[in-house]
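1. This is the structure alone, sequence omitted:
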């Protein structure tokens, strides 16, 4: 959902938001309102306030479960690293683990589960012919496949069976 829930956003600063409008002249009521508005923009020392129950309600149990190990690790490192650095390192560590898991999964799939003559399904990786132009060495490209049985053999000839 949009941040404004479909309602067009509007500024609460009014006409005194621009310096040009303020120079044209402000009434005493506008001056008092602007002074209060500027005072309201200053955050208190304890803001933004972290409320554990609020974040617990906003995140589902599965997400809290898989985030727990890194949260525990970096909450214990927070006194040494500092709060913002620990949050940054926790974020980066999580992303690095996800990328590493993805790379290892793809490697495992193509190493052990790829498409060959023993399987009906799976991703099949086909090596294209190299582009050899006239004037380059090996110009009339000759395929390594010599007989009709070499085409679509999908690793059968290399099988130890």
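-> Perfect, I can see it now. As the structure is a prediction and not an experimental result, all values here were calculated from the model. Numbers count the residues shown, from 1 in each chain.

2. Okay, now the unreliable bits of the protein?
-> Along the chain, the parts satisfying pLDDT under 70 run over 1-2.

3. what about the residue nearest the centre of it, distance to residue 58?
-> Geometric centre of the chain, nearest residue: residue 95, 7.4 Å, by CA atoms, centre = their mean. Distance from residue 95 to residue 58, counting by CB to CB, to the nearest Å: 21 Å. Backbone N, C-alpha and C define where each C-beta goes, glycine included.

4. tell me the domain boundaries of the protein?
-> By the assignment in automatic domain parsing, the chain contains the domains 14-49, 59-103.

5. What degree of burial does residue 155 show, as a neighbour count?
-> Using other CB atoms under 10 Å, residue 155 has 11 other residues around it.

6. again, but for residue 74
-> For residue 74, the count of nearby residues is 20 (other CB under 10 Å).

7. And residue 26, by the same measure?
-> Neighbour count for residue 26, taken as other CB under 10 Å: 15.

8. With residue 153 instead?
-> Residues near residue 153, counting by other CB under 10 Å, number 14.

9. how about the nearest residue to it, chain neighbours excluded?
-> With CB to CB, 6 or more residues apart in numbering as the criterion, residue 153 has its nearest non-adjacent residue at 7.0 Å, and that residue is residue 117.
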